[in-house]
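In: Everything below, folded, please.
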Amino acid sequence: MSSTARDELLADLIARLVEQAQRDETPQLEMFVRDHPDLAAELRELWATAQFAEDFAGSASSDPFAETVAPSGAVERSTSDDDPPNHPFARIGDYTLLDKIGEGGMGVVFKARQIRLDRVVALKMIQRGALASDVDLARFRAESAAAAQLEHAHIVPVYEVGEHEGLPYFSMKYVAGTTLAQKLAGGPLPPRDAAALLLPICRAVAYAHQHGIVHRDLKPSNILIDAAGQPHVSDFGLAKRIPECSPVPDPRSQVPVAEPALTRTGAILGTPAFMSPEQAAGSRGEVGPASDVYSLGAVLYHCLTGRPPFQAASPVDVVMMVLEQDPVLPRILNPKADPELEMIALKCLQKPAELRYKSADALADDLAAYLANEPISARSTN
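Out: Numbering: from 1, shown residues only. Now for the predicted structure:
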């Protein structure tokens, strides 16, 4: 069977499994595996990918472009007429909830006032309330633990970690402004603006890596931009601890940072358009700092072109493109894209991790060289 015919058959079988699931039927994966034993491994892996992607697509809050900017400058989600005007918990410990300003697959974020210190904060709570599973709770606590360990000018700081009626929450700095996703909704950024915005983000990610934390979900909607135009990394919900360089635990955190045990074997975590090939590969991939470097390159690509490196009709198709295809050259999508920044982005987006920048700091160094009109290392390695 030719490679093309094999790919077409795999795509057809996966499409049939998805259709069965959408009709609330039991997907006949094992039957397809018996009928096509030579495709068994790929079928199982692609079906795991498809299940992940369908879950992702089913969550409207996962769409970074569903955000709007409130008059106050806080980022909030559009709400339907069915949404209750007030959250049922008007008071969470030392905090009074003011407005819902964001939500994701696992948590919901409120603008709140900390009563004791009389200050406005952002308060994140578990999204599923009393129905949250043990894994949901563990992952949420792991996010607070990861973020609480990091003190950097361009990482949203955690103030306090606590529980209310058995459900975890944590408070963090309230960043009044917008997100990079909202900023990019208007199209590509001027090249030097893009480089200047991403440089401190790369340094912040490098700092996280040095403290044993890999973010794993870097994307424009997780980069907050304050009223002064300064960017901040947020949302460590998929953070992973790097065992070999883990720091001494922060005393504010009494739970471990996200571990592989919190995910089933072969699970794919991240946002398809910005995830690295090793993340998209599930159990075959070794996710580490190089994965964040890839995602930073995907964000830079988006800044240069106004769109992610890969777009398709479904998240499953995006994952397949991440695994198998090269991105379109930025200057084809935007003739005004700077060729130096194009080289930097494409070096980050190399499929083999060893061909990317060795660290987020090395990426930041090239962005700094570009801004200083100095030679970039990406040119010498291409």
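In: hmm, who's touching the helix or strand containing Arg34?
Out: Using DSSP states H and E, Arg34 sits within helix 29-35. Residues outside helix 29-35 that contact it (C-beta atoms under 8 Å, 6 or more residues apart in numbering) are Leu13, Arg16, Leu17, Leu39, Ala40, Leu43, Arg44, Trp47. Any C-beta I mention is one placed from the backbone N, CA and C, and that applies to glycine too.
In: you'd agree Glu151 is up against Tyr159?
Out: No: assessed by C-beta atoms under 8 Å, Glu151 is found out of contact with Tyr159, at 11.5 Å.
In: These two: which is more packed in?
Out: Relative neighbour count places Tyr159 above the other of Glu151 and Tyr159, with 17 against 11, counting by other C-beta atoms under 10 Å.
In: so what's that one up against?
Out: So Tyr159 contacts Gln114, Val121, Phe170, Ser171, Met172, Lys173 (C-beta under 8 Å, 6+ apart).
In: Which of these fall in helices?
Out: Using DSSP state H, no member of the contacts of Tyr159 falls within helices.
In: Write the ChimeraX selection for whichever of the residues you listed are buried.
Out: Entered in ChimeraX, the line below selects the buried ones among the contacts of Tyr159, by 16 or more other C-beta atoms under 10 Å:
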select :114,121,170,171,172,173
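In: ok, for Leu39, nearest residue in space, not its chain neighbours?
Out: Distances taken as C-beta to C-beta, 6 or more residues apart in numbering put Leu10 closest to Leu39, at 6.2 Å, once the chain neighbours are dropped.
In: Report how many residues lie close to the one you found.
Out: 17.
In: host element of it?
Out: helix 3-22.
In: ok, back up a step: surely the residue nearest to Leu39 touches Arg44?
Out: No: counting by C-beta under 8 Å, Leu10 stays clear of Arg44, with 11.3 Å between them.
In: which stretches of the stretch 1-150 of the chain have low pLDDT?
Out: The model of the stretch 1-150 of the chain has pLDDT under 70 over residues 3-4, 7, 22, 24, 45-46, 48-89, 104-106, 127-144, 146.
In: Extract the CA atoms of the strand or helix carrying Ile201 and return them as CSV.
Out: Element membership for Ile201, per DSSP H and E: helix 191-210. Extracted in CSV, the C-alpha atoms of helix 191-210 (Å, rounded to 0.1, in the frame of the first residue of the first chain):
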residue,chain,number,x,y,z
PRO,A,191,8.0,43.4,13.4
ARG,A,192,9.9,45.3,16.1
ASP,A,193,6.8,45.5,18.3
ALA,A,194,6.4,41.7,18.0
ALA,A,195,10.1,41.2,19.0
ALA,A,196,9.9,43.7,21.9
LEU,A,197,6.8,42.1,23.2
LEU,A,198,8.1,38.5,23.1
LEU,A,199,11.6,39.2,24.4
PRO,A,200,10.5,39.5,28.1
ILE,A,201,8.1,36.6,27.7
CYS,A,202,11.0,34.4,26.5
ARG,A,203,13.1,35.5,29.5
ALA,A,204,10.2,34.7,31.9
VAL,A,205,9.7,31.2,30.3
ALA,A,206,13.5,30.7,30.7
TYR,A,207,13.2,31.6,34.3
ALA,A,208,10.4,29.1,34.8
HIS,A,209,12.6,26.4,33.1
GLN,A,210,15.5,27.2,35.4
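In: Let the chain start at 10 from now.
Out: From this message on, residue numbering opens at 10, which makes the last subject helix 200-219.
In: can you map out the helices along this structure?
Out: 12-31, 38-44, 49-66, 143-157, 189-193, 200-219, 286-289, 298-314, 324-333, 339-342, 348-357, 369-380, 386-390.
In: May I have the first one exported as CSV, CA atoms only?
Out: If I follow you right, that is helix 12-31. In CSV, the C-alpha atoms belonging to helix 12-31 read as follows (Å, rounded to 0.1, in the frame of the first residue of the first chain):
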residue,chain,number,x,y,z
SER,A,12,2.0,6.0,1.7
THR,A,13,-0.8,8.2,0.3
ALA,A,14,-3.3,5.3,0.2
ARG,A,15,-2.3,4.4,3.8
ASP,A,16,-2.9,8.0,5.0
GLU,A,17,-6.2,8.2,3.2
LEU,A,18,-7.4,4.9,4.8
LEU,A,19,-6.3,6.0,8.2
ALA,A,20,-8.2,9.3,7.8
ASP,A,21,-11.3,7.5,6.6
LEU,A,22,-11.3,5.1,9.5
ILE,A,23,-10.8,7.9,12.1
ALA,A,24,-13.6,9.9,10.5
ARG,A,25,-15.9,6.9,10.8
LEU,A,26,-15.0,6.5,14.5
VAL,A,27,-15.7,10.2,15.1
GLU,A,28,-19.0,9.9,13.3
GLN,A,29,-20.0,6.9,15.5
ALA,A,30,-19.1,8.8,18.6
GLN,A,31,-21.1,11.8,17.5
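In: In terms of secondary structure, what does that helix contact?
Out: Packing contacts for helix 12-31, counted by 3 or more C-beta pairs under 8 Å, 6 or more residues apart in numbering; DSSP states H and E, involve helix 38-44, helix 49-66.
In: Quick check on Met284: phi, psi?
Out: Here is the backbone geometry of Met284 (degrees, to the nearest 10): phi -80, psi 150.
In: Please name the nearest non-neighbouring residue to it.
Out: With C-beta to C-beta, 6+ apart, the residue lying closest to Met284 is Val331, at 6.4 Å.
In: Thank you, goodbye.
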